[in-house]
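Participant: Dropping the sequence and predicted coords here.
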Amino acid sequence: MSLVRIEGVHKTFGQHHVLRGIDMTIEQGEVSVIIGPSGSGKSTLLRCVNKMESISAGRVYVKDELIGYREVNGQLHDLNPAEIAGQRREIGMVFQRFNLFPHKTALQNVMEAPIQVKGTPKAKARAKALELLEQVGLADRSGHYPAQLSGGQQQRVAIARALAMEPELMLFDEPTSALDPELVGDVLQVMKDLAKSGMTMMVVTHEIGFAREVGDTLSFMDGGVVVESGDPRELIANPQHHRTKEFLSRVL
Ligand SMILES: Nc1ncnc2c1ncn2[C@@H]1O[C@H](COP(=O)(O)OP(=O)(O)OP(=O)(O)O)[C@@H](O)[C@H]1O
């Protein structure tokens, strides 16, 4: 069974048809990397997967559960916010900007959601958060506030924070784009380790090296469609579509 099924997804913002029929499946443990030019709809697609955006047509299923909607006689009805929040517990998201709580330490940032959302006892949430901070290489920074951490360290806290909810699926939206170049490697390493541990991941990135090395599937999006997808190494070495070729020649 595919963990994620994206079926015929369209998204319009007013007159602007941003997603024009996206079909994609992601298997358990798969790392699905999405590349494409600015404005091609990559972020919008990720945001449709966890219902941060409503979709205009189509369906998204995670673990066979329709995300964001209830289907009655072929018609989709919005789930209520509590139901959507319940589904989002299964889907961690890491953004370009880390958006940590500035007045909370790294440890408090990571502990927060399990306590607030899942009612996890504080001691248990703390122990798990410390474990996760160690996993992302920040065991010695647990008492630091975001302003005392580099961008790369903040992003690793953000990853630990998402993992604290024990998600089935992790969405990464250009997680290294806002970082100074020398900080990118540490964040990518954490993502690589996560991939190795078997996490299912959808990753929007401009890091072609990451796509080649870590991705199981690479999809090239342009103009709101998936122009081509396949094995990352093959697709990068031998793109079939002229739009993919043109894009890769600019970024490689
Ligand atoms: N909330 C919104 N309202 C109106 N238009 C939007 C909204 N969000 C995105 N768009 C538009 O949808 C298009 C696709 O945006 P999206 O952010 O998904 O692209 P992207 O491929 O992720 O680009 P980038 O690589 O620059 O992040 C853009 O033209 C953008 O202006």
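Facilitator: Yes, it's here.
Participant: List the residues that contact the residue in the stretch 51-200 of the chain positioned nearest to the ligand.
Facilitator: Checking the stretch 51-200 of the chain residue by residue against the ligand with CB to the nearest ligand atom singles out residue 174 as nearest, at 6.2 Å. (Each C-beta comes from the backbone N, C-alpha and C, glycine too.) Contacts for residue 174 (CB atoms under 8 Å, 6 or more residues apart in numbering) come out as 43, 95-96, 204-206.
Participant: send the alpha carbons of the host helix or strand of residue 155 over as CSV?
Facilitator: Under the criterion of DSSP states H and E, residue 155 resides in helix 151-163. C-alpha atoms of helix 151-163 as CSV (Å, rounded to 0.1, in the frame of the first residue of the first chain):
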residue,chain,number,x,y,z
GLY,A,151,20.2,29.1,11.2
GLY,A,152,21.3,25.5,10.6
GLN,A,153,21.0,24.7,14.3
GLN,A,154,17.5,26.3,14.4
GLN,A,155,16.5,24.2,11.4
ARG,A,156,17.7,21.0,13.1
VAL,A,157,15.6,22.0,16.2
ALA,A,158,12.7,22.4,13.8
ILE,A,159,13.2,18.9,12.4
ALA,A,160,13.4,17.5,16.0
ARG,A,161,10.2,19.4,16.8
ALA,A,162,8.4,17.8,13.9
LEU,A,163,9.8,14.4,14.8
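Participant: Specify the angle between the helix or strand following that helix and helix 151-163 in degrees.
Facilitator: Counting by DSSP H and E, the element after helix 151-163 in chain order, helix or strand, is strand 169-173. Going by axes from the mean of the first three to the mean of the last three CA atoms, to 10 degrees, strand 169-173 is angled at 150 degrees with respect to helix 151-163.
Participant: Mind exporting the C-alpha coordinates of strand 169-173 to CSV?
Facilitator: Backbone C-alpha positions of strand 169-173 (Å, rounded to 0.1, in the frame of the first residue of the first chain) are rendered in CSV as follows:
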residue,chain,number,x,y,z
LEU,A,169,5.4,11.3,6.9
MET,A,170,7.7,14.3,6.8
LEU,A,171,7.3,17.1,4.4
PHE,A,172,10.3,19.4,3.8
ASP,A,173,9.8,22.7,1.9
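Participant: pLDDT averaged over it - what is it?
Facilitator: In this model, strand 169-173 has a mean pLDDT of 98.
Participant: again, but for stretch 119-136
Facilitator: Averaging pLDDT along stretch 119-136 yields 98.
Participant: Identify all contacting residues around that stretch.
Facilitator: Under CB under 8 Å, 6+ apart, the answer for stretch 119-136 is 106-107, 110-111, 114-115, 139, 141-142, 156-157, 159-160, 163-164, 190, 193.
Participant: Can you narrow those residues down to the ones near the ligand?
Facilitator: Filtering the contacts of stretch 119-136 for proximity to the ligand by CB under 6 Å from any ligand atom leaves nothing.
Participant: Off-centre distance for the helix holding residue 155?
Facilitator: With CA atoms, centre = their mean, to the nearest Å as the basis, helix 151-163 stands 13 Å off its chain's centre.
Participant: For it, report the contacting residues that lie outside it.
Facilitator: Against helix 151-163 from outside (CB under 8 Å, 6+ apart): 92-95, 98-100, 106, 109-110, 112-113, 129, 132-133, 135-138, 141, 144, 146, 149, 170, 175-176, 178-180, 183-184, 186-187, 190-191, 194.
Participant: Narrow those residues to those that are buried.
Facilitator: Buried members of the contacts of helix 151-163, scored by 16 or more other CB atoms under 10 Å, are 92-95, 98, 100, 106, 109-110, 112-113, 129, 132-133, 135-138, 141, 144, 146, 149, 170, 175-176, 179, 183-184, 186-187, 190-191, 194.
Participant: Counting only strands, which of the residues you listed make the cut?
Facilitator: Using DSSP state E, the subset of these located in strands is 92-94, 170.
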